[in-house]
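here is a sequence with its predicted model. Questions after.
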Amino acid sequence: MKIESRKIVFTKNHDITLEKEVKELTIQNGNEVIIKNHCTHISLGTEMACLAGLESWFPLPGTPGYTSIGEVIEIGSDVSGIKAGDLVYTMGPHSGYFKIHSGDRWSGLCVKVPEKLSPELASFTHMAGIAMTSIRKSQIEIGDYVLVAGLGAIGNLAAQLAVLQGAKVIAVDLEEKRLDIARKCNIPLCINSSEENIIGKIKELTGGKGINTFIDATGMSSVINRYGETLATNGEIILLGSPRSPFETNLTAFLKYFHYLPYLASLKGALEFAYPTYENDFVKHSIERNSKIIMDLFLNKKLILNGIYSHKITPEEAPDVYRKLNSNKMSILE
C-alpha cells in the first residue's frame, strides 16, 4: 500500500529537515510489522553524535531515531503476541510510518505497551533500558555506594534504578538544573562536580570506604579518569555513556585502579546490545525483558519522569529544536 508520510532527515553534518514522502509499505515477509508512529523520542547524546557525523553506523543523509511508540497497522503471518491496532514500543525512526522485521537483532524489537501507560511516558522505555544495562552489568547489592556521573535522562534513570536496587546513590553533574531534577526524582545526594575537593567529599560521604560501583553516564573519558580515585577495594567502573571524544592522559596511572591495591577494580562496558534482543528460556536478561520491566515500573510510578520529560513538540518544530540542541544541549531546560 502507498502511504503519505513525513520523516526527519539529517541531510549532512549539522543540517536537519522535515521531508514529505510517499512510500510503498507491504508485508513481504512473515515476520514483518507495519507501524504508524504516535510519538518518538529524541536521544540527545546519540542523535547529536549522528548529526555531527560521529557515528560510523549512521550514514548521512539519514533518518535518525531509535525510540517509537506506534500503532500496529499490519503484521506478517509469523508474528505472534501482537495484532493490528495494538500500541507497541519499537526502536523505530522519526518517521510517520515504517516497517520492521520482528526477528531482526538490531531493530526488530516490538513490545506491546500496557493499556494504562501513556504513549509519551512509554517513549522513555529505550532511555531507561539503556540505563538498566548498567545495573545488569554491575554487582550492585543492598547498601552499596554507587556514584553516577552525568544526570541527563539516561544517567538520572540509572541513578533511580540503582536506588531501587537498594544502593546509596551519590549523583554528580556540572549543571544545577539537572541536579535539581535528580533531587525531584528521589536521588537525595546530588553534588555539583565543580565543587572544590569533590573527590574528598565523595569519600567522606562513604565513611572513607569509597565507591563500590561508579557508573559513568557522560561518555567523557576525562570524567571516567577523574573518579577512579573514589573507588573502594574491588570496586567497579561501568561505562554507560559511549566515549567519543579524544582524551590524552597517563594510561599507566589509570591502570593502577585495576591492578594495584587499594583498588583492584574492574572495568565493564554497558552497551545495551551486550544482552540478547529477545527473551528465551536459556538467558535471564534480554532487551525485550528489560523493556517489559521498565514499562511496568513506569506504570507503577517506581521510576519518576518529572523533569526528565521536559517538552512535547510537533514534527514541524523538530528541526528548530534539533538546531537549538546542537548549539547548546542544556538549552531545552531553559
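On my side now, so go ahead. Numbers count the residues shown, from 1 in each chain.

where does this structure have low pLDDT?
330-334 (pLDDT under 70).

show me the domain layout of it.
What automatic domain parsing lists as the domains of the chain is 2-124+309-333, 127-273.

and those: which comes nearest residue 284?
Among the domains of the chain, the nearest to residue 284 by Cβ to Cβ is domain 127-273 (9.2 Å). The way it works is simple: take the backbone N, C-alpha and C, and place the C-beta from them, glycine included.

how long is that closest one from one end to the other?
Taking Cα to Cα, to the nearest Å, the first and last residues of domain 127-273 lie 13 Å apart.

run the chain-centre distance for it.
Distance of domain 127-273 from its chain centroid, counting by Cα atoms, centre = their mean, to the nearest Å, is 15 Å.

with stretch 3-12 instead?
23 Å.

how about the strands of the stretch 101-250 of the chain, start to end?
With DSSP state E, counting those that start in this stretch, the ranges of strands along the stretch 101-250 of the chain come out as 110-112, 145-149, 168-173, 189-192, 211-216, 231-239.

each with direction, which strands does the second one pair with?
Partner strands and pairing direction for strand 145-149 (DSSP bridges) are strand 168-173 (parallel), strand 211-216 (parallel).

export the ones you listed to a markdown table and tack on distance to residue 253 and mean neighbour count?
Shown next, in a markdown table, are the strands paired with strand 145-149 (distance: least, Cβ to Cβ, whole Å; neighbours: other Cβ atoms under 10 Å):
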| stretch | distance to residue 253 | mean neighbour count |
| --- | --- | --- |
| strand 168-173 | 21 | 25 |
| strand 211-216 | 17 | 28 |
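
output the strands of the stretch 101-250 of the chain in JSON lines; the columns should cover distance to residue 43.
Below are the strands of the stretch 101-250 of the chain laid out as JSON lines (distance: least, Cβ to Cβ, whole Å):
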{"stretch": "strand 110-112", "distance to residue 43": "18"}
{"stretch": "strand 145-149", "distance to residue 43": "18"}
{"stretch": "strand 168-173", "distance to residue 43": "18"}
{"stretch": "strand 189-192", "distance to residue 43": "23"}
{"stretch": "strand 211-216", "distance to residue 43": "17"}
{"stretch": "strand 231-239", "distance to residue 43": "17"}
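
ok, which of those comes nearest residue 290?
Among the strands of the stretch 101-250 of the chain, strand 110-112 sits nearest to residue 290 (Cβ to Cβ), with 9.8 Å.

buried sites along that closest one?
By 16 or more other Cβ atoms under 10 Å, the buried positions in strand 110-112 come out as 110-111.

what packs against it?
Packed against strand 110-112 by the contact rule (3 or more Cβ pairs under 8 Å, 6 or more residues apart in numbering; DSSP states H and E) you find strand 87-90, helix 287-299.

how about the ones you listed, which one is nearest residue 161?
Nearest of these (Cβ to Cβ): helix 287-299, 8.4 Å.

helices or strands up against the closest one?
strand 110-112, helix 119-122, helix 125-137.

can you give me the angle it makes with helix 125-137?
110 degrees (axes from the mean of the first three to the mean of the last three Cα atoms, to 10 degrees).
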